[in-house]
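Undergrad: Provide a 3D model corresponding to the input given below.
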Amino acid sequence: MATGHECGEASLDQPEHQDVIDLFVIGGGINGCGIARDAVGRGLSVELAEMNDLASATSSASTKLFHGGLRYLEYWEVRLVREALIERETLLRAMPHISWPMRFVLPYHKDMRFEGDTPTSKLLSFVMPWMKGRRPAWLIRLGLFMYDNLGGRKILKGTTAVSLSGTPEGAPLVDRFSKAYEYSDCWIEDSRLVVLNARDAQARGAKINVRTKVLSAEQRDGIWGVTVQDRDSGETRVIRARMLVNAGGPWVEDIIRSAVHINAADGVRLVRGSHIVTRKLYDHDKCYFFQGEDGRIIFTIPYEGDFTLIGTTDMDHANVDEKPVCTDEETEYLLQFASSYLKAPVTKDDVVWSYSGVRPLYNDGATSATAATRDYVLKVDQSTGAPILNVFGGKITTYRKLAESALEKITPFFDGTRTPWTAGVALPGGDFPVDGVADLTSRVAQKYAFLTERWAQRLVKAYGTDVFEILGDARAATDLGRDFGATLTQREAEWLIDKEFARTAEDIVWRRSKLGLRLTQDQIAALDDWMSGALKIPEQHGVA
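TA: Just a heads-up that it's a prediction; the model follows:
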């Protein structure tokens, strides 16, 4: 809504009695939504603005893993790895519907050679020059031993040695590999993680605004006046806040300079990570960790039942406003990398989809994109009077710890805030045992006998216990309204509009789900048309 000016223009000359909130968060990625959830749960009044859809940039373009970052041990980032390893199981307990354990197979051959510029490779080359270009078996095993034990693992299985001769794990691989190590990490539905954090923040009292762009932020008498614009209506309004959180991800530096007008020295290094999705490349449900001759690693991961996910690359990305795409060069790199390990070469004809995201890494002056730190950096700036917290970097695995660290810097500005609370608190739909997916799926299938097995599994792994609220008293598929294809119904689409901030078909088929892999372009267009009509009735769907 406009704030007292014609033509949707807002004014900073707000009356003194206008409500002033505690915290205004810029950015609806995982860091922004995680901070908003934590802050409102500690008693702060919070509002968040995202200029596009939630998780529309970096947070929906990850490799979909809660992982410690095995390769970061080569950079001696032990604190980061330990924190991430501990978080895997904390998060797994809070969201067993959208996160689950996976086993990773790391093939090894004694003659493998690598180009590497890590601290570990430099030390090894100095102490044992005859090992230059190698990762010896003992070094890998030492790394995996640390990986097993740094985080106090209780749920996930430890590392084992695996034979690749005559086994399912070895069947897809070229014959030179006869030995591998197998370890644990976790899958995460990254964009759903963001949405569920936003849902929980809203349920606790935060206001979440999507498709709302921050035009400027100016402080007056210790209070920020943030001018935002609804990108659908064009209307502007001003929000008054005691503190800002700049969680703009790739745009964090742009916000500092262009919106808030602070002359800060800190910045981000934009690194593009691209992935390809292919037809299913092998029959078992384990992932592979492949090591490349260039020192990089990639994963191949079973994906959405019928596909394989391959990624990622590390390429510097020059322009934040240039949409990241998986280039032909990156596609070819991933195809050749995977094909060097797999018996059946992977070709462009196997690729069914690709995606790319920009990681906003803290600019630590590293010589390469691969070597740039994955750790997060949080800095409070009070140079203009009112405080702003700028968030640089971060990994999806440590988003909750990042939020806690952010609140450590935020709470000194507010009296009476509550203590940390998010560890172990379930996200919406996640209030069931960590090993209870099969049982929950069985209960859903028993109550709603019209669901196919795959349909029931998809709903449970997206919504958990909320499935019962979504399906309600439906006794047949026809009770769920219009069928948009690939088991997506009107009832589910309405839930995504009402509860999960979806505004377009793209929001639903590529971020709230991955049904875009199964729907035709005509079906997606029909969904978009239906949503355009549905969203014209805000009273019906709760759209602000």
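Undergrad: residue ranges with poor pLDDT in the stretch 351-500 of the chain?
TA: 364-374 (pLDDT under 70).
Undergrad: in the stretch 351-500 of the chain, which spans are strands?
TA: 351-362, 377-381, 388-392, 483-485, 488-489 (DSSP state E, counting those that start in this stretch).
Undergrad: Please apply the same query to the stretch 51-200 of the chain.
TA: Listed in chain order, the strands of the stretch 51-200 of the chain (DSSP E, counting those that start in this stretch) span 65-66, 99-108, 160-163, 179-188.
Undergrad: could I get those as a markdown table with mean pLDDT and mean neighbour count?
TA: For glycine as for every other residue, the C-beta is placed from the backbone atoms N, C-alpha and C. Putting these into a markdown table (pLDDT from 0 to 100; neighbours: other C-beta atoms under 10 Å) gives the following:
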| stretch | mean pLDDT | mean neighbour count |
| --- | --- | --- |
| strand 65-66 | 95 | 26 |
| strand 99-108 | 96 | 20 |
| strand 160-163 | 96 | 13 |
| strand 179-188 | 96 | 21 |
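Undergrad: how about those, which one is nearest Thr397?
TA: Checking the strands of the stretch 51-200 of the chain against Thr397 by C-beta to C-beta gives strand 65-66 as the closest, at 4.8 Å.
Undergrad: Which neighbouring elements make contact with that closest one?
TA: helix 78-94, strand 179-188 (3 or more C-beta pairs under 8 Å, 6 or more residues apart in numbering; DSSP states H and E).
Undergrad: Just the CA trace of the last one, in PDB.
TA: Taking C-alpha atoms only, strand 179-188 is exported to PDB below (Å, rounded to 0.1, in the frame of the first residue of the first chain):
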ATOM      1  CA  LYS A 179      38.600 -49.900  -4.400                       C
ATOM      2  CA  ALA A 180      36.600 -47.100  -2.900                       C
ATOM      3  CA  TYR A 181      35.700 -45.500   0.400                       C
ATOM      4  CA  GLU A 182      32.100 -44.900   1.300                       C
ATOM      5  CA  TYR A 183      31.000 -42.200   3.800                       C
ATOM      6  CA  SER A 184      27.800 -40.300   4.800                       C
ATOM      7  CA  ASP A 185      26.400 -36.900   4.100                       C
ATOM      8  CA  CYS A 186      22.800 -35.700   3.700                       C
ATOM      9  CA  TRP A 187      20.500 -34.600   1.000                       C
ATOM     10  CA  ILE A 188      18.500 -31.300   1.400                       C
END
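Undergrad: roughly how far apart are Leu342 and Glu332?
TA: 15 Å (C-beta to C-beta, to the nearest Å).
Undergrad: Surely Cys326 is in contact with Ile310?
TA: No. In this structure Cys326 lies outside contact range of Ile310 using C-beta atoms under 8 Å: 10.5 Å.
Undergrad: tell me, how many neighbours does the closest residue to Gly485 other than its chain neighbours end up with?
TA: Using C-beta to C-beta, 6 or more residues apart in numbering and skipping residues adjacent in sequence, the residue nearest Gly485 is Gln523, 4.3 Å away. By the measure other C-beta atoms under 10 Å, the count of residues near Gln523 is 19.
Undergrad: Same question for Thr398.
TA: For Thr398, using other C-beta under 10 Å, the count is 28.
Undergrad: Name all residues that make contact with it.
TA: Contact analysis of Thr398 by C-beta atoms under 8 Å, 6 or more residues apart in numbering lists Leu80, Glu83, Ala84, Glu87, Tyr376.
Undergrad: Can you report how many residues lie near Asp283?
TA: 9.
Undergrad: Look up how far Pro168 lies from it.
TA: In terms of C-beta to C-beta, Asp283 sits 7 Å off from Pro168.
Undergrad: go on, Leu70?
TA: Distance from Leu70 to Pro168, by C-beta to C-beta: 22 Å.
Undergrad: between these two, which one's more packed in?
TA: Leu70 (20 against 13).
Undergrad: Isn't that one up against Phe299?
TA: No. Taking contacts as C-beta under 8 Å, Leu70 lies outside contact range of Phe299: 10.6 Å.
Undergrad: can you list residues touching both of the two?
TA: Shared contacts of Leu70 and Phe299, defined by C-beta under 8 Å, 6+ apart, comprise Phe289.
Undergrad: ok, residues contacting stretch 150-159?
TA: 68, 78, 81-82, 84-86, 88-89, 92-93, 101, 103, 141, 144-145, 147-148, 181-186, 434.
Undergrad: Which residue, other than its chain neighbours, is closest to Arg204?
TA: Here the residue nearest Arg204, using C-beta to C-beta, 6+ apart, is Val40, at 4.6 Å.
Undergrad: Secondary structure element holding that neighbour?
TA: helix 30-41 (DSSP states H and E).
Undergrad: next one: Pro302
TA: Per DSSP H and E: Pro302 is located in strand 297-303.
Undergrad: Could you list the paired strands of that strand along with their orientation?
TA: With DSSP bridges as the test, strand 297-303 is paired with strand 287-291 (antiparallel), strand 307-311 (antiparallel).
Undergrad: Now the element after the last one, going C-ward?
TA: On the C-terminal side of strand 307-311, the nearest following helix or strand under DSSP H and E is strand 315-316.
Undergrad: what's that following strand packed up against?
TA: So strand 315-316, by 3+ C-beta pairs under 8 Å, 6+ apart, packs with strand 268-279.
Undergrad: Counting neighbours, which bits of the strand it packs on end up buried?
TA: Val268, Arg269, Leu270, Val271, Arg272, Gly273, Ser274, His275, Ile276, Val277, Thr278 (16 or more other C-beta atoms under 10 Å).
Undergrad: circling back: in TSV: the strands of the stretch 51-200 of the chain, plus distance to Arg240.
TA: Below are the strands of the stretch 51-200 of the chain laid out as TSV (distance: least, C-beta to C-beta, whole Å):
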stretch	distance to Arg240
strand 65-66	37
strand 99-108	37
strand 160-163	57
strand 179-188	36
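Undergrad: Out of these, flag the one nearest Leu407.
TA: strand 65-66 (21.1 Å).
Undergrad: Name the residues that touch the closest one?
TA: Applying C-beta under 8 Å, 6+ apart, the contact partners of strand 65-66 are 84, 87-88, 91-92, 99, 102, 185-188, 299, 301, 396-397.
Undergrad: at 10 Å what do you get?
TA: Applying C-beta atoms under 10 Å, 6 or more residues apart in numbering, the external contacts of strand 65-66 come out as 84-85, 87-92, 95, 99-102, 104, 185-188, 190, 193, 287, 299, 301, 309, 395-399.
Undergrad: Give me the distance between the two termini of stretch 49-69.
TA: 31 Å (C-alpha to C-alpha, to the nearest Å).
Undergrad: Repeat that for stretch 291-307.
TA: Note: stretch 291-307 ends 21 Å apart using C-alpha to C-alpha.
Undergrad: What residues of that stretch count as buried?
TA: Under 16+ other C-beta under 10 Å, the buried positions of stretch 291-307 are 291-292, 295-304, 307.
Undergrad: So what's the residue count around Gly249?
TA: 29.
Undergrad: my bad, Gly424
TA: 9.
Undergrad: Likewise for Arg242?
TA: For Arg242, using other C-beta under 10 Å, the count is 19.
Undergrad: check contacts around Ile26.
TA: Counted by C-beta under 10 Å, 6+ apart, Ile26 has contacts 32, 48-51, 212-214, 217, 226, 228, 244-249, 251-252, 255, 259-260, 388, 390-391.
Undergrad: So among those, which ones count as buried?
TA: Using 16+ other C-beta under 10 Å, the buried ones in the contacts of Ile26 are 32, 48-51, 212-214, 217, 226, 228, 244-249, 251-252, 255, 259-260, 388, 390-391.
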